[in-house]
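Trainee: sequence and predicted model, in that order:
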Amino acid sequence: MTGSVMAAGSVVDTPGADPVIDVRDLRMRYGDKEVLAGVDFSARAGEVVVLLGPNGAGKTTTIEILEGFRARSGGHARVLGVDPAAGDERWRARLGVVLQSWRDHSKWRVRELLTHLGSYYEAYSTAEKRRPWVVDELLEVVGLTAAAGTAIGRLSGGQRRRLDVAIGIVGRPDLLFLDEPTVGFDPEARRDFHDLIHRLTDVDSTTVLLTTHDLDEAEKLADRILILATGRIVASGSADELSRQVAGESEVRWTRDGRRFVHSAADATSFVRELFGQHGEAIGDLEVRRAGLEETYMRLVREAEGEGR
Ligand SMILES: Nc1ncnc2c1ncn2[C@@H]1O[C@H](COP(=O)(O)OP(=O)(O)OP(=O)(O)O)[C@@H](O)[C@H]1O
């Protein structure tokens with residue numbers, strides 16, 4: 001591991017507060033294929049943690065283990081203080097799950113299904129958290145009011161995904177797992193979804209663990225981004241912190257005498273100082289861009305994969 005990659009397990013929890021998710025040395029094998037080779041991370045109450053990684057890196061596997069859907073091969077995992085392999089109904093009622101795709105319930109109508117699923121949570125209502133979510137309010141926040149009476153088989157792909165999110169949150173979970181929630185969303189649906197996540201974390205202190213391949217989305221939503229590659233968390237931090245870990249070059253753009261110039265510089269500040277020293281007021285439209293999350297992500301994954309060989 002090089003110095004530019006943060007050591008796995010370096011996430012620090014708030015002192016005194018039990019983490020909502022606590023994973024140490026998590027391992028998973030399918031036959032002789034090792035998918036998770038020692039994953040370490042934790043999440044605090046109200047935090048949005050985004051799990052990034054190439055196809056097949058093990059993101060869904062990680063989430064399914066934490067949801068209690070899949071038995072791990074080894075390591076320590078605690079979710080809301082409970083080993084997910086031994087979680088009971090009461091524990092499950094505090095989780096919300098949005099899987100990659102649901103393919104059932106096609107004859108049910110939207111309102112009917114949400115009312116039905118919500119009824120399972122009534123027994124777990126508390127003074128602090130009334131469960132389930134009132135259906136009309138839920139339909140409103142996920143943008144399905146107009147489709148409330150529509151049979152599920154007739155929803156568009158984006159509406160279907162909104163319904164998946166509604167199913168995930170109908171029980172007002174303390175912890176919400178979302179596996180690629182915005183696939184098929186148009187830009188407006190995506191923005192509504194981002195607002196919804198902010199509402200869940202701000203109003204309800206819901207903790208969120210989500211996977212996505214949309215780096216823009218990761219940057220918008222995440223308090224912390226985890227990059228999973230070669231079976232481990234190879235980097236952890238905000239988009240800004242990650243980009244500072246990668247000693248990338250910045251791009252400097254400017255115009256002079258009506259011409260556009262672009263230059264990559266390792267030290268943008270001294271380059272710009274020199275540029276003004278030489279050309280002074282002739283310089284216009286100056287822009288300096290640090291490596292974006294996409295470039296940072298690609299470099300971190302490539303470094304990890306290079307070392308793994
Ligand atoms: N039930 C299973 N049996 C055998 N191998 C599996 C099983 N489930 C997943 N795998 C393999 O484990 C690896 C990790 O899969 P996983 O779905 O967790 O990755 P992912 O990071 O979520 O990928 P993607 O970004 O494509 O959704 C893949 O190589 C996959 O083929």
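Mentor: Looks like it arrived, so ask away.
Trainee: Ala37 contacts Arg232, doesn't it?
Mentor: Yes: with contacts counted by CB atoms under 8 Å, Ala37 reaches Arg232, the gap being 5.9 Å. For the C-beta atoms, the positions are set from N, CA and C on the backbone; glycine is no exception.
Trainee: neighbour count winner among the two?
Mentor: Arg232 (22 against 17; other CB atoms under 10 Å).
Trainee: partners of the more buried one in the sheet?
Mentor: Listed by DSSP bridges, the beta-bridge partners for Arg232 are Ala229.
Trainee: which residues touch it?
Mentor: Going by CB atoms under 8 Å, 6 or more residues apart in numbering, Arg232 touches 8, 36-40, 304.
Trainee: nearest residue to the middle of this protein?
Mentor: Taking CA atoms, centre = their mean, the centroid of the chain lies closest to Val50, which sits 2.4 Å from it.
Trainee: quick one: the residue lying closest to that residue once chain neighbours are set aside from Leu242, how far?
Mentor: Residue nearest to Val50 in three dimensions, not counting chain neighbours: Ala222, with 3.9 Å by CB to CB, 6 or more residues apart in numbering. Distance of Ala222 to Leu242, computed by CB to CB, to the nearest Å: 10 Å.
Trainee: okay, now the unreliable bits of this protein?
Mentor: Residues of the chain meeting the criterion pLDDT under 70: 1-17, 101-104, 247, 308-309.
Trainee: residues from the stretch 101-250 of the chain in reach of the ligand?
Mentor: The stretch 101-250 of the chain comes close to the ligand at no residue, as judged by CB under 6 Å from any ligand atom.
Trainee: do a quick rundown of the strands in the stretch 101-250 of the chain.
Mentor: Secondary structure of the stretch 101-250 of the chain (DSSP state E, counting those that start in this stretch): strands at 175-179, 207-211, 224-229, 232-237, 250-256.
Trainee: to what extent is Val288 buried, counted in neighbours?
Mentor: The number of residues near Val288, taken as other CB under 10 Å, comes to 14.
Trainee: what are the bridge partners for it, then?
Mentor: Taking DSSP bridges as the rule, Val288 bridges to Val252.
Trainee: tell me who's in contact with it.
Mentor: Contacts of Val288 (CB under 8 Å, 6+ apart): 250-253, 268, 272.
Trainee: how close does it sit to the ligand?
Mentor: 33 Å (CB to the nearest ligand atom, to the nearest Å).
Trainee: the residue nearest to Val50 contacts Val48, correct?
Mentor: Yes: Ala222 is within contact range of Val48, at 5.6 Å (criterion: CB under 8 Å).
Trainee: picking that back up, what's the closest of the contacts of Val288 to Leu163?
Mentor: Comparing the contacts of Val288 against Leu163 with CB to CB places Glu251 closest, at 41.7 Å.
Trainee: what about the nearest residue to the closest one once chain neighbours are set aside, neighbour count?
Mentor: Using CB to CB, 6+ apart and skipping the chain neighbours, the partner closest in space to Glu251 is Arg289 (4.6 Å). Residues within reach of Arg289, counting by other CB under 10 Å, total 11.
Trainee: what packs against the longest helix that the chain contains?
Mentor: Assignment by DSSP state H gives helix 187-204 as the longest helix of the chain. Packed against helix 187-204 by the contact rule (3 or more CB pairs under 8 Å, 6 or more residues apart in numbering; DSSP states H and E) you find helix 157-169, strand 207-211, helix 215-221.
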